[in-house]
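[1] Using only what follows, build the 3D model:
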Amino acid sequence: MHPAPRILDTHGHLPPFWGEAGIFFANLLGLFFGNEEETEMLAREVGCVDSYGGRLIPILDLLFKGSGNILVLEREPNPDLCRHFQEVLKLKLPELRILSHADYVNLGLCLACGETAQAIRLLGELPGHHPRLMDGYVTDSTLEAIARHTGRHTVSTAEGSRRGNNKYLLHRCLESAGLPVFDTILAENSAGVPRALQELAQRGYRRAVAKSQIGASGIGMLKLSTSGPWPDLPLPEYFFFEGPCLVQGWLETGQHGIREIYSPSLQMFLGEERIYFYDMTEQILCENSIHEGNLSPPPLLQNWPVLREELLRQSEVAGLWLHDQGYRGTASTDFLVAAREESSVPSVYVCEINARVTGATYPSMLARHFFPGGTWLMRNLELAEPLPGQELLDTLRRRGDLFDLTKPGGIIPVNFNLNAENKVTKGQFLCLAPTGEDCQRYLVRAQDELPLAWHFTRD
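    Predicted coordinates for the structure are as follows:
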């Protein structure tokens, strides 16, 4: 039996990550392990989803320390932003390959059926047996098959990746460890949801949330009223792809003595022998609790410094569980913190673990690379009118808001999401500054004073 990994808190500084090169497949549409209905919903809701993998371009050589890293994207990225990363920010970029999601799925089918000639055509040539390591947003059966076919190793097992993203399995772990958990009732199918809502109503909840066991970016999560009646309450079948869905009481202000709700998140990296906690953020969520950005460090720690130790304590339980599942790599533990009228210290609940590169991984790694221990803010912004990437960069540069290595702060565009004409429709924008107010000021000034129109949007 292997000893438990050591837990190390690096306090806003990057951990060593992987000490060798890697190949990363940006298989974002593989997040749901073959749940095609849920995958289609993700593509419809998020939009321009095939260009999301570009967020890995500036961080892959921070994550894998060896030379010769390869990033397999679903479409060509914006060349102007790549040039900015290299020439202005002096980041080392990986070699880029393109493999669409459809070809990724076909590649898995070909390898499963032994059609190696077709698999080789889809995969293209990979250099010898270097890099040795292979990873993706998730490790699914296709990624494992590619690794076997090319003589490489995935950093996680497919089972570990799938189990590590399963909310029900995590709930059972937290409950058995004696940690606070949400009031949860399992529904085997849609017919069982009204009964769960009725029971939660009796426990004093106005609203509840149905969660599929595996979901992401708000997909597989549906907020519901507990007041009824529910003559017809069909949940999509994808909610039950992994088995029963969770119906949980929704904690909100004005109920159960709660006066404030916060959503911190802890960024972690799981190696073979060590688990690193390297950043703590406050999640910026919309009304439906979908991720729109992050701020680090969390402002709530100024009011309750003691909370840091409790967040770390619960993260240790969650992180060790995740390691036991066989997952390795970057991850985040997301929390709900409820400040109650009758208590001087808020209640802390683990919401979920995201066992993958998450929407907070990219800005956190870049911020901690350029600004260790400092303050950063990331927001997802959608442009009112699509622009060429270079025009957007030039606009930020003329105003003096674009970060470069000579400045104490500024804005780093992490990625551009592109439409069919390769214009920027949306992006992830990271602000570095001495304080959270200074970070926010960069966005406000850019929005108010530049000839750009945008609004905050989902991850």
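[2] doesn't Gln118 fall inside a helix?
    Yes. Counting by DSSP: H, G, I helix; E, B strand; the rest coil, Gln118 is part of a helix.
[3] for the residue most central in space within the chain, helix, strand, or coil?
    Nearest to the geometric centre of the chain sits Thr358, at 1.9 Å (C-alpha atoms, centre = their mean). Following three-state DSSP, the label given to Thr358 is coil.
[4] Tell me who's in contact with Ser263.
    Glu282, Gln283, Leu285, Ser289, Asp334, Phe335, Leu336, Val337, Cys351 (C-beta atoms under 8 Å, 6 or more residues apart in numbering). Quick note: C-beta positions are derived from backbone N, CA and C, even for glycine.
[5] change it to 7 Å
    Ser263 sits next to Glu282, Gln283, Leu285, Asp334, Phe335, Leu336 when contact means C-beta atoms under 7 Å, 6 or more residues apart in numbering.
[6] What's the separation between it and Leu107?
    Per C-beta to C-beta, to the nearest Å, Ser263 is found 37 Å from Leu107.
[7] what do you get for Cys286?
    35 Å.
[8] Name the residue in those two with the higher neighbour count.
    Using other C-beta atoms under 10 Å as the criterion, Cys286 and Leu107 rank with Leu107 on top: 24 against 14.
[9] Narrow the contacts of Ser263 to those in strands?
    Those of the contacts of Ser263 mapping onto strands are Glu282, Gln283, Leu285, Asp334, Phe335, Leu336, per DSSP state E.
[10] wouldn't the last one be in contact with Tyr349 here?
    When you say that, I think you mean Leu336. Yes. In this structure, Leu336 is within contact of Tyr349 by C-beta atoms under 7 Å, at 4.7 Å.
[11] what about these two, which has more around it?
    In this view Leu336 and Tyr349 are compared by other C-beta under 10 Å, and Leu336 has more residues nearby, 21 against 17.
[12] Return the per-residue confidence for that one.
    Note for Leu336: predicted pLDDT of 96.
[13] which ones are touching the residue nearest to the centre of the chain?
    Thr358 neighbours (C-beta under 7 Å, 6+ apart): Ser332.
[14] Next up, phi/psi of it, please.
    Here is the backbone geometry of Thr358 (degrees, to the nearest 10): phi -110, psi 180.
[15] likewise Cys351?
    According to degrees, to the nearest 10, Cys351 has phi -80, psi -50.
[16] Okay, it and Leu169: tell me how far apart.
    From Cys351 over to Leu169 (counting by C-beta to C-beta), the distance is 14 Å.
[17] Ok, Gly359 next?
    22 Å.
[18] which stretches of this structure aren't confidently modelled?
    1-2, 127-129, 231-232, 287-290, 449-452, 458 (pLDDT under 70).
[19] residue boundaries of the helices in it?
    Ranges of helices in the chain, per DSSP state H, are 36-46, 60-63, 79-87, 101-113, 116-123, 141-150, 158-164, 167-176, 193-202, 300-303, 307-325, 361-370, 389-399, 436-449.
[20] what's the angle from the fourth one to helix 36-46?
    For helix 101-113 against helix 36-46, the angle by axes from the mean of the first three to the mean of the last three C-alpha atoms, to 10 degrees is 160 degrees.
[21] Can you give me the buried ones in helix 101-113?
    His101, Tyr104, Val105, Asn106, Leu107, Gly108, Cys110, Leu111 (16 or more other C-beta atoms under 10 Å).
[22] ok, those vs Leu301, which is closest?
    Checking those against Leu301 with C-beta to C-beta, the nearest one is His101 at 39.4 Å.
[23] surely the closest one meets Glu74?
    Yes. The criterion here is C-beta under 7 Å, and His101 meets it with Glu74 at 5.5 Å.
[24] Return every residue with contacts to both of the two.
    Counting by C-beta under 7 Å, 6+ apart, the shared contacts of His101 and Glu74 are Asp50.
[25] ok, Pro16 to Gly374 distance?
    Using C-beta to C-beta, Pro16 is found at 20 Å from Gly374.
[26] Check Thr281 too.
    13 Å.
[27] before we move on, back to that, which of the contacts of Ser263 tops the neighbour count?
    Phe335 (25 neighbours).
[28] who's in contact with that one?
    Ser263, Pro264, Ser265, Leu311, Val348, Tyr349, Val350, Cys351.
[29] ok, now with 6 Å
    Phe335 is in contact with Pro264, Val348, Val350, counting by C-beta atoms under 6 Å, 6 or more residues apart in numbering.
[30] and what of Leu222?
    Ala210.
[31] Can you spell out which residues form a bridge with it?
    Ala210 (DSSP bridges).
[32] re the thing from before, Thr281 and Gly374: which has the busier surroundings?
    Thr281 (25 against 18).
[33] my read: that one touches Leu266, true?
    No. Counting by C-beta atoms under 6 Å, Thr281 sits too far from Leu266 to count as a contact (7.9 Å).
[34] picking up where we left off before, can you list the contacts of Ser263 in JSON lines and add distance to Leu89?
    Below are the contacts of Ser263 laid out as JSON lines (distance: C-beta to C-beta, whole Å):
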{"residue": "Glu282", "distance to Leu89": "25"}
{"residue": "Gln283", "distance to Leu89": "25"}
{"residue": "Leu285", "distance to Leu89": "29"}
{"residue": "Asp334", "distance to Leu89": "29"}
{"residue": "Phe335", "distance to Leu89": "31"}
{"residue": "Leu336", "distance to Leu89": "35"}
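[35] Which of the residues you listed sits closest to Thr154?
    Nearest member of the contacts of Ser263 to Thr154, counting by C-beta to C-beta, is Asp334, at 24.4 Å.
[36] Could you pull up the contacting residues of the closest one?
    Counting by C-beta under 6 Å, 6+ apart, Asp334 has contacts Ser265, Cys351, Glu352.
[37] and which of the residues you listed is nearest Phe32?
    Taking those together and measuring to Phe32 by C-beta to C-beta, the closest member is Glu352, at 14.5 Å.
[38] which residues touch Leu111?
    Ala119, Ala145, His149.
[39] count of neighbours near the first one?
    Neighbours of Ala119 under the rule other C-beta under 10 Å: 21.
[40] Excluding chain neighbours, what is closest to it?
    Distance criterion C-beta to C-beta, 6 or more residues apart in numbering; nearest residue to Ala119, sequence neighbours excluded, is Cys110 at 4.1 Å.
[41] The second one too?
    For Ala145, the nearest residue in space outside its immediate sequence neighbours is Leu111; the separation is 4.0 Å by C-beta to C-beta, 6+ apart.
[42] mind checking how far that neighbour is from Tyr104?
    11 Å.
[43] Met268 too?
    Taken as C-beta to C-beta, the span from Met268 to Tyr104 is 27 Å.
[44] Kindly report the same for Leu311.
    Leu311 is 36 Å from Tyr104, by C-beta to C-beta.
[45] Gly228 now?
    43 Å.
[46] wait, what's in contact with the residue nearest to Pro363 when sequence neighbours are not counted?
    Excluding the flanking residues, the one nearest Pro363 by C-beta to C-beta, 6+ apart is Met378, at 3.7 Å. When contacts are counted by C-beta under 6 Å, 6+ apart, Met378 touches Gly293, Asn294, Pro363, Leu430.
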